[in-house]
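In: Let's see this in three dimensions:
(one chain, ligands or ions: 2)
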Amino acid sequence: MRNAYGVESVRAAEREVMARGPEGALMRRAAAGLAAECAQLLGKVYGARIALLVGSGDNGGDALYAGAKLAGRGAGVTAVLLAPERTHAGGLAALRAAGGTVVDGSEDRAEGVVARARLVVDGIVGIGGRGGLRERAARLVAAVAGDALVVAVDVPSGVDADTGEVHGEAVRADVTVTFGAYKPGLLIDPGREYAGAVRLVDIGLELASGERVLEALQYADVAGLLPRPSGESDKYRRGVVGVVAGSARYPGAAVLCVAGALRGGAGAVRYVGPAADAVIARFPETLVSAGPPSKAGRVQAWVVGPGLGDDGERLRDVVAADVPVLIDADGLRLAGEREVRARRAPTLLTPHAGEAAALLGVSREEVESARLSAVRELAGRYGATVLLKGSTTLVASGEGPVRVNPTGTPWLATAGSGDVLSGLAGSLLAAGLDARDAGAVGAYLHGLAARHASSGGPVAAQDVADAIPAAWRDVRRTD
Ligand SMILES: NC(=O)C1=CN([C@@H]2O[C@H](COP(=O)(O)OP(=O)(O)OC[C@H]3O[C@@H](n4cnc5c(N)ncnc54)[C@H](O)[C@@H]3O)[C@@H](O)[C@H]2O)[C@@H](O)CC1
Ligand SMILES: [K+]
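Out: Numbering: from 1, shown residues only. Ligands and ions are numbered 1, 2, ... in the order given. As a prediction, the model looks like this:
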């Protein structure tokens, strides 16, 4: 599991280490890790032109000490000071002693220094930052050459470390070297995109795992959660997932949802609705019926919503069931907050940003710029588990850390891919996973399947469904 911790927890852990250890030890460790990463990126340190953007806090101190190390190895290092009178004194002295030079960020030549650098180190602000870059910092960042390497210290300046929100301008890094623990803002868009590749440097902080606010499943975690049929499993014991989706006019959503459900580990898929002919033509193994879902026979979980149109009756019938229910697409519009809250069995809602925005009564942009608060807010309002789809898919329940999916790919933004995900996650629910696990494992496999299917090119939703077994095998191999 990859865990991320909030700024308050990191600061508390830092205080504990500082109380025990010698003054400045943490910053030296951080700077050593940062310098090593910069050296590796550069390949050849000797003679390399490096600019440090140095703010008023300890983030600038890290940059200065790392700069001193690189200057000691023959790099030409210049520190550009954004708050000269409040610069970290020890770091500045170390840089000067190692042969580095210093310019005031308000001098005209500062932009030229930045523009000529092969590597730019962003030590403007770290976890103490508030809001976007201020004007002078933004101007200097804009001067960075297109082919220069940008390394952010701890977090890209301008990115909120706790949430990934970006209010105004922020540094776009190739690599972010973060200290002691991952911060949520490095794993959630838009912050994640600004961070580039994230490298974690161990500086000896001890963080209690109970304090994590965000977690990302890794291969081994997913492998441990995948349902495994035993020798005695028959199709009913493995779970039956019911799919209520599609319409006679738009059967595609039903077909794609069933395609996902068939690959999700349940023993059988029951389709209920008017697109039965299309479903059977494509997947003859599906059990189909046309009446109301409550009369269709026993299932261990329902998926309702993709392509459902305005069929509120079937939606209500499913929501009244006493088994886990996944609600997606049109179902989200039709399901009332009160009905969902009143359910006793688990509910998993799977909106994309637009659908989440409609449920929250805000704009899509607001959801996309503050994904963490949006997913938490929805989970709270509906008393349900919520999977917010997008460039970084998040899964939140009322309690426990939010899960962030690490396997997404932009190619997944394709028509019908959400229908495949809802079938897949619903199937995992039927196989016995709880709503959080079903959502997170479903998103993980779905992203991995898309990568398999795509190999760098466009994919269709059906390709994603077809690649799920390969993704599943991939994960299993690490078992
Ligand atoms: N907490 C830890 O465990 C460790 C922290 N270290 C470093 O220390 C950093 C935190 O240091 P600080 O607490 O001094 O805080 P920062 O260096 O992140 O920044 C705080 C300063 O920036 C100013 N500021 C806030 N927002 C600004 C903005 N948008 N534009 C310009 N200035 C702004 C504040 O007024 C304050 O003076 C970490 O990010 C990390 O780089 C490391 O040295 C080692 C360990
Ligand atoms: K920074």
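In: after the helix ranked longest in the chain, next one along is what?
Out: If you go by DSSP state H, the chain has its longest helix at helix 435-454. Sequence order places helix 461-476 as the next helix or strand after helix 435-454, per DSSP states H and E.
In: Just want the angle from the longest helix of the chain to helix 461-476.
Out: 110 degrees (axes from the mean of the first three to the mean of the last three Cα atoms, to 10 degrees).
In: tell me what helix 435-454 is packed against?
Out: Counting contacts by 3 or more Cβ pairs under 8 Å, 6 or more residues apart in numbering; DSSP states H and E, helix 435-454 is packed against helix 219-225, strand 347-349, strand 385-388, strand 394-396, strand 402-404, helix 417-430, helix 461-476. Every C-beta, even on glycine, is put in place using the N, C-alpha and C of the backbone.
In: mean confidence for that helix?
Out: Mean pLDDT, helix 435-454: 97.
In: between that helix and helix 417-430, how big is the angle?
Out: Going by the same axes, to 10 degrees, helix 435-454 makes 130 degrees with helix 417-430.
In: send the alpha carbons of helix 435-454 over as CSV?
Out: Written as CSV, here are the backbone C-alpha positions of helix 435-454 (Å, rounded to 0.1, in the frame of the first residue of the first chain):
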residue,chain,number,x,y,z
ALA,A,435,-17.9,-1.5,-1.5
ARG,A,436,-14.6,0.2,-1.0
ASP,A,437,-12.6,-2.8,-2.1
ALA,A,438,-14.9,-3.5,-5.1
GLY,A,439,-14.6,0.1,-6.2
ALA,A,440,-10.8,0.3,-5.7
VAL,A,441,-10.0,-3.1,-7.2
GLY,A,442,-12.4,-2.5,-10.1
ALA,A,443,-10.8,0.8,-10.9
TYR,A,444,-7.3,-0.7,-10.6
LEU,A,445,-8.1,-3.6,-13.0
HIS,A,446,-10.0,-1.3,-15.4
GLY,A,447,-7.0,1.0,-15.6
LEU,A,448,-4.5,-1.8,-16.1
ALA,A,449,-6.8,-3.4,-18.7
ALA,A,450,-6.9,-0.1,-20.6
ARG,A,451,-3.1,0.0,-20.6
HIS,A,452,-2.9,-3.5,-21.9
ALA,A,453,-5.4,-2.8,-24.6
SER,A,454,-3.9,0.5,-25.5
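In: related to what we said a few turns ago, most tightly packed of the helices and strands packed on helix 435-454?
Out: The highest mean neighbour count among these, using mean count of other Cβ atoms under 10 Å, belongs to helix 417-430: a mean of 32.
In: Close to ligand 1: what parts of this protein are there?
Out: 10-11, 14, 26-27, 30, 55-60, 62, 125-131, 134, 153-154, 179-180, 203, 205 (Cβ under 6 Å from any ligand atom).
In: Among these, which are located in helices?
Out: Counting by DSSP H, the residues of the chain next to ligand 1 contribute 10-11, 14, 26-27, 30, 58-60, 62 to helices.
In: thinking again about what came up before, any chance of a markdown table for the helices and strands packed on helix 435-454, columns mean pLDDT?
Out: Formatted as a markdown table, the helices and strands packed on helix 435-454 follow (pLDDT from 0 to 100):
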| stretch | mean pLDDT |
| --- | --- |
| helix 219-225 | 96 |
| strand 347-349 | 98 |
| strand 385-388 | 98 |
| strand 394-396 | 98 |
| strand 402-404 | 98 |
| helix 417-430 | 98 |
| helix 461-476 | 96 |
